[in-house]
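Chemist: can't give you the sequence, but here's the structure:
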């Protein structure tokens, strides 16, 4: 197989491949260098299979795949890009695209997507994330990360409950399921690292149609989402879910603990991303659990952040045309279906909704949410604000203080309101 995995930057030094713009390029083999960031042995093998198919369809192009360790991948990619090391295609994520664009490391794909038939079938969430910066597509997502509700159907049946439609329903269900004497609780509460999104999502939903999806820490009138009576209702509901429907030690739970709490039979509900589906399937029996759409606020609206990762082209690649051939191949409906089913992600094409794999079963809520654009509203994440990193710690720590009685709900909301008014003033 011609796909070669490299684990060091030195492996990317310039080879003998000529610039594809040279006059004799038609008789030359073009070698593309491609790097991934969310590496794992299983995922890398899936990508290699796709690259083999690409090479078979494009005999004049070879691909060298660079697969650094997950822990150091982002730093390695940044080092390579800043030094303009030989690289044509790289993995771009919603959390890295801002840096890549600011430093002029990634190419604008507008001209390519304008003539790409498959761009028309990208779903709204995929287009939103692709065009997140400057309303230009700097990468094509290969998969989406959106949260759904996992719940114990057997426990719900015992209590005569249905999957919660609203956040208030979720609170009531969590309270009814909870029985500390059986070490059984309603909800996998996230109070540790990553808690910010759970709090903010609920506050957005309580603000309903007033939330600005294009700048979702703010309302359409310019005020922050924390400045309203609805924000207080949302935060109080969030706290009540913890107090009356969650394990006490979930005050410090992060990703691993909340997933383990659900699959080990301690909690009856979990809100998480699609890659958890396969994890839960391996641990829990069929018929004991299912999935449902994320609950809504009282107005019936659910605002959700879409996480995404995909493939982009370096701004300085000598093989732009061939690199786009690779990106468009990997992003085609057939290849995307193969990749997402192997890796547990949400597909990016609307045609996926026609596939039986997604029309039924655990992935169905994603298709339902994508189709019901009147009630499920994707929002642009706040990751491009300068203070986003600090904010994640601020809201998590403040919420813990509120739960412990060391900070009032009103004071927390006032602090968060001031934080984001200042962020708006500072600019992105």
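Modeler: Arrived safely, thanks for sending. Nothing here was measured: the structure is a model prediction, and the numbers come from that model.
Chemist: Now that residue 62 has come up, it's in contact with residue 28, right?
Modeler: No. Using CB atoms under 8 Å, residue 62 and residue 28 do not qualify as a contacting pair, with a distance of 10.9 Å. The way it works is simple: take the backbone N, C-alpha and C, and place the C-beta from them, glycine included.
Chemist: Comparing the two, which residue is more hemmed in?
Modeler: Neighbours were counted for residue 62 and for residue 28 using other CB atoms under 10 Å; residue 62 has more, 19 against 14.
Chemist: Buried residues in the one helix or strand that one maps to, which are they?
Modeler: Here residue 62 sits within strand 61-66, counting by DSSP states H and E. Within strand 61-66, the residues that count as buried by 16 or more other CB atoms under 10 Å are 61-66.
Chemist: what pairs with that strand, and is each one parallel or antiparallel?
Modeler: The partner list of strand 61-66 in its sheet, established with DSSP bridges, is strand 4-6 (parallel), strand 30-35 (parallel).
Chemist: Distance from the chain centre to that strand, please.
Modeler: If you compare the mean C-alpha spot of strand 61-66 with that of the full chain, they lie 26 Å apart, counting by CA atoms, centre = their mean, to the nearest Å.
Chemist: what's the answer for stretch 204-223, then?
Modeler: Put simply, stretch 204-223 sits 20 Å off its chain's centre (CA atoms, centre = their mean).
Chemist: Stretch 176-185 now?
Modeler: Per CA atoms, centre = their mean, the centroid offset for stretch 176-185 relative to its chain is 31 Å.
Chemist: Let me see the mean pLDDT of it.
Modeler: Taken as a whole, stretch 176-185 carries a mean pLDDT of 98.
Chemist: Can you list the residue ranges for strands in this structure?
Modeler: For the chain, applying DSSP state E gives strands covering 4-6, 30-35, 61-66, 89-93, 140-145, 148-151, 269-272, 290-292, 302-305, 307-313, 376-379.
Chemist: List the buried residues in stretch 214-227.
Modeler: So, applying 16+ other CB under 10 Å, buried residues of stretch 214-227: 215-219, 223-227.
Chemist: cool, stretch 391-404 as well?
Modeler: For stretch 391-404, by 16+ other CB under 10 Å, it's 391-392, 394-396, 398-400, 402-403.
Chemist: Just these: which are in helices?
Modeler: When DSSP state H defines the helices, the subset of the buried residues of stretch 391-404 inside them is 391-392, 394-396, 398-400, 402-403.
Chemist: Show me which pair in those residues is furthest apart.
Modeler: Using CB to CB, the pair of these lying farthest apart is 391 and 403, separated by 18.6 Å.
Chemist: on that earlier part again, columns distance to residue 46 and pLDDT on top of the buried residues of stretch 391-404, output as TSV?
Modeler: Compiled in TSV, the buried residues of stretch 391-404 are given as follows (distance: CB to CB, whole Å; pLDDT from 0 to 100):
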residue	distance to residue 46	pLDDT
391	35	95
392	31	92
394	38	97
395	36	97
396	34	96
398	41	98
399	38	97
400	39	97
402	43	98
403	41	96
